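Q: pasting the structure only:
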């Protein structure tokens, strides 16, 4: 993809890199400069008492927040952002590192997918390819429209979240989503150590709760600290680009290369899924042309247990 | 008033009271067994529900793709059947049909019972029923669920009024004549409920005009109720639900289901209470014709609902149509059995007079009611099997839907609750309006009967 980037975009990329490194260093946040720079811009400083009795001005994000503060923060989202994902179908090898990273981060069971790598074909005889499918974080989301209690909602930065402290489990959003992006906790969720005492983080949707809906969050918790989403960082094949449409920049999760979003989309004839439904997704696909990996049949099967544990306990 | 007229009026009233009030004072063994069986079913269902509450909705056959099953289908069925109160009393009554007098109260009782249990079916389907009050605290009026909750409650409220207000003169009669036939608490209850009814012309005038307003009011409310219920599906983008005629499709289907339920109830109530003089072959004949009429209208909507997408065969619609129409499709057999026994045969047989006799009408009504339940399953479930994107990387059980025993038990329990409510109502209150029958027979009712 990099060979197609215009000189203009390259210079912008370098600028962003420099800017990111400088601010990133100052806030001691590792990872993607582009995102961290913007987050630290509106980072509030609050007085804190250190263990040796000194009062310092620390980042507010270092404070342990209570549930209510977390909920308010999570519902608001990050100012000035419009997060987008670009998935390069030519690069996906079905490594499924994205799926396992996601399931680990969000404490999901093997059959629960916030992101699912599908094996699909556009029309008969046009060739199969692997298609990672997260939530599309639609700008006209059919799911949030139907929620009776405002448990699922769209934030100002474009992310569609679910509040499992409020969800009543009617599953109307599951029925409404044409991308089958949502999962439900049909039985006791998979609990990890520490879940019992953890404060619920809506941006991570952990701990999961029985009887509530769960979904892809674009790793909102990682974005808050200036990191790329779990799936994007985990990909070994350079499939994912992630970034901010307002900045017109996306960064590759594998190579960490940053490019201009508009050029990446227009140069490659990008498309969105089921555009005819008018959902306006925030996830773009680059066509599976010149695929880097051969499609192998027979990897379709579900690898977990046939009847997931806990359904009949 | 002549002395003769007064005497004949009193003779008529005596017979009406004898015929219609006597069943209320008797509790035969068969009734006790009937109530006992219903309570047993309900108790087993409650036990099943506690298991579901403990372990989660994983106890049902629902999974991430088919995420609505028989609970939601039953909810739609209950709401549909509840619409019969509006059909009989309001639609047929307001156009001046007199034959509904002895069955309108039965229809109202069915309507109230089924509207009340519809809410229970929704609670059974909720993942977090403990958070039901979030609907009040955080309700979003943009969600069709809020519209449904609002309009269901409004419908229940009007249905209670439509059942209770015409009872007032009857309660007055019971208060005046039944003091020695009833236990003290029961007579006291009727005494209080009669609200001091004495039957002056002024009271009747208020009653008639109030009923007229309510009967007109319940038409749009009932239409809204079932239209909004259809929108729970039709407002999504899914093939099979994404239809502009879902509102009228549901409403007309509801009339068929309700007509079937009334036919069954008429038959058994008439038999148990020996009401052959009141609910006659004539009434079954009329109800049969009404059933054929609403059946034909529903058939018309069925043809539109399936043949229009079936002709175009858009990809997602084609999958859906194949599932239903082909006997090899996952729901093909259920679809054709339901359409045949739940709609086509009832319409066809109902055209012929010999089938509009009480017994065949009861059987046809039963087939309609059972078919109506399966039809709701067919409307809800197959659509969810066909997601737009492939269903992959999930266990085999996620691809299909088979309700579990627990799910069926809970569903049966809710049905039993509806039947129990009806059984109690028909025991506590006269199933046929005494004063309306008296009025029809020319008795001067403008006095304390």
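A: Nice, thanks for sending it over. All values reported here derive from a predicted model rather than from experimental measurement.
Q: nearest residue to whichever residue of chain B sits closest to chain A other than its sequence neighbours?
A: The nearest approach of chain B to chain A comes at residue B:127, 1.9 Å away (C-beta to the nearest C-beta). The C-beta positions use only the backbone N, C-alpha and C, and glycine is treated the same way. Excluding the flanking residues, the one nearest residue B:127 by C-beta to C-beta, 6 or more residues apart in numbering or on different chains is residue A:169, at 1.9 Å.
Q: ok, the one you found touching residue B:58?
A: No. Contact status for residue A:169 versus residue B:58: not in contact, 12.0 Å apart, counting by C-beta atoms under 8 Å.
Q: and the residue nearest to residue B:127, what does it touch?
A: A:184, A:211-213, B:57, B:126-128, B:131 (C-beta atoms under 8 Å, 6 or more residues apart in numbering or on different chains).
Q: What of residue A:219?
A: Contact criterion C-beta under 8 Å, 6+ apart gives A:105, A:204, A:227-232 as the residues in contact with residue A:219.
Q: Would you mind putting those residues into CSV with neighbour count and secondary structure alongside?
A: As requested, those are arranged in CSV below (neighbours: other C-beta atoms under 10 Å in any protein chain shown; DSSP: H, G, I helix; E, B strand; the rest coil):
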residue, neighbour count, secondary structure
A:105, 20, helix
A:204, 21, coil
A:227, 19, coil
A:228, 25, coil
A:229, 27, coil
A:230, 25, helix
A:231, 29, helix
A:232, 28, helix
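Q: shaky segments in the stretch 201-350 of chain B?
A: For the stretch 201-350 of chain B, applying pLDDT under 70 flags no range at all.
Q: tell me which parts of it are close to chain A?
A: Taking C-beta under 8 Å from any C-beta of the partner chain as the contact definition, the stretch 201-350 of chain B meets chain A at B:232-233, B:235-238.
Q: Over to the stretch 1-150 of chain B?
A: With C-beta under 8 Å from any C-beta as the criterion, the stretch 1-150 of chain B meets chain A at residues B:55-59, B:62-65, B:67-68, B:122, B:125-129, B:131-132, B:134-135, B:137-140, B:142-146, B:149.
Q: Return the subset of the residues you listed lying in helices.
A: Filtering the residues of the stretch 1-150 of chain B next to chain A for membership in helices, criterion DSSP state H, returns B:55, B:122, B:125, B:134-135, B:137, B:144-146, B:149.
Q: What subset of the residues you listed is buried?
A: When neighbours are counted using 16 or more other C-beta atoms under 10 Å in any protein chain shown, these contain these buried positions: B:55, B:122, B:125, B:134-135, B:144-146, B:149.
Q: residue in the stretch 51-200 of chain A nearest to chain B?
A: Taking C-beta to the nearest C-beta as the measure, the stretch 51-200 of chain A has residue A:169 as its residue closest to chain B, at 1.9 Å.
Q: Would you verify that that residue is located in a strand?
A: No. Under the criterion used here (DSSP: H, G, I helix; E, B strand; the rest coil), residue A:169 is coil, not part of a strand.
Q: pLDDT wise, what is it at?
A: Taken from the predicted model, the pLDDT recorded for residue A:169 is 96.
Q: And for the one 4 residues further on?
A: At residue A:173 the predicted local distance difference test score is 97.
Q: dump the residue contacts of the closest residue to it other than its chain neighbours.
A: In space, not counting the residues next to it along the chain, residue A:173 is nearest to residue A:143; the distance is 3.9 Å by C-beta to C-beta, 6+ apart. By C-beta under 8 Å, 6+ apart, residue A:143 lies in contact with A:152, A:160, A:173-174, A:176-177, A:182.
Q: Among these, list the two that are farthest apart in space.
A: Pairwise distances across the contacts of residue A:143 peak at 13.3 Å for A:160 and A:174 (criterion: C-beta to C-beta).
Q: of the two, who's got more company?
A: Using other C-beta atoms under 10 Å in any protein chain shown as the criterion, residue A:160 and residue A:174 rank with residue A:160 on top: 26 against 23.
Q: in terms of contact, does the more buried one touch residue A:145 like I think?
A: No. In terms of C-beta under 8 Å, residue A:160 does not count as a neighbour of residue A:145; the distance is 11.1 Å.
Q: ok, which stretches of the stretch 151-300 of chain B are helices?
A: In the stretch 151-300 of chain B, the helices defined using DSSP state H, counting those that start in this stretch lie at B:167-177, B:184-193, B:201-234, B:246-273, B:281-312.
Q: Now go through the contacts of residue A:169 and say which are in strands.
A: Applying DSSP state E to these, the entries found in strands are A:184, A:213.
Q: CSV for the contacts of residue A:169, including pLDDT and distance to residue B:166?
A: What follows is the contacts of residue A:169, written out as CSV (pLDDT from 0 to 100; distance: C-beta to C-beta, whole Å):
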residue, pLDDT, distance to residue B:166
A:184, 97, 46
A:211, 96, 43
A:212, 97, 45
A:213, 97, 45
B:57, 96, 42
B:126, 96, 35
B:127, 96, 41
B:128, 96, 40
B:131, 96, 39
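Q: now, among the contacts of residue A:169, which is nearest to residue B:181?
A: For residue B:181, the nearest member of the contacts of residue A:169 is residue B:126. The distance, counting by C-beta to C-beta, is 45.0 Å.
Q: ok, for that closest one, nearest residue in space, not its chain neighbours?
A: With sequence-adjacent residues excluded and distances taken as C-beta to C-beta, 6+ apart, residue B:126 is closest to residue A:169, at 5.2 Å.
Q: what about the one you found, distance to residue A:103?
A: Here the criterion is C-beta to C-beta, to the nearest Å. By it, residue A:169 lies 21 Å from residue A:103.
Q: now do residue B:142
A: Distance of residue B:142 to residue A:103, computed by C-beta to C-beta: 32 Å.
Q: okay, those two: which has more neighbours?
A: Each of residue B:142 and residue A:103 had its neighbours counted (other C-beta under 10 Å), and the higher figure belongs to residue A:103 (21 against 13).
Q: Show the average pLDDT along the helix or strand harbouring the more buried one.
A: Here residue A:103 sits within helix A:97-105, counting by DSSP states H and E. Per-region confidence: helix A:97-105 scores 95 on mean pLDDT.
Q: May I see the buried residues of it?
A: Of the residues in helix A:97-105, those buried by neighbour count under the rule 16+ other C-beta under 10 Å are A:97-99, A:101-103, A:105.
Q: Phi, psi for the residue of the stretch 51-200 of chain A closest to chain B please.
A: Recorded main-chain torsions at residue A:169 are phi 70, psi 30, according to degrees, to the nearest 10.
Q: same question, residue A:206
A: The phi and psi torsions at residue A:206 (degrees, to the nearest 10) take the values phi -130, psi 140.
Q: just residue A:117 next, same as before
A: Note on residue A:117: backbone dihedrals following degrees, to the nearest 10 are phi -90, psi 110.
Q: For it, give its distance to residue A:124.
A: Where residue A:124 is concerned, residue A:117 sits at a distance of 21 Å (C-beta to C-beta).
Q: quick one, which of those two is more surrounded?
A: The residue with the greater number of neighbours, taking residue A:117 and residue A:124 and applying other C-beta under 10 Å, is residue A:117; the counts read 23 against 5.
Q: So what pairs up with that one in the strands?
A: Applying DSSP bridges to residue A:117 yields these beta-bridge partners: residue A:132.
Q: Quick check: residues of the stretch 1-150 of chain A near chain B?
A: Counting by C-beta under 8 Å from any C-beta, the residues of the stretch 1-150 of chain A lying close to chain B are A:99, A:111-113, A:116-120, A:133, A:142, A:145-150.
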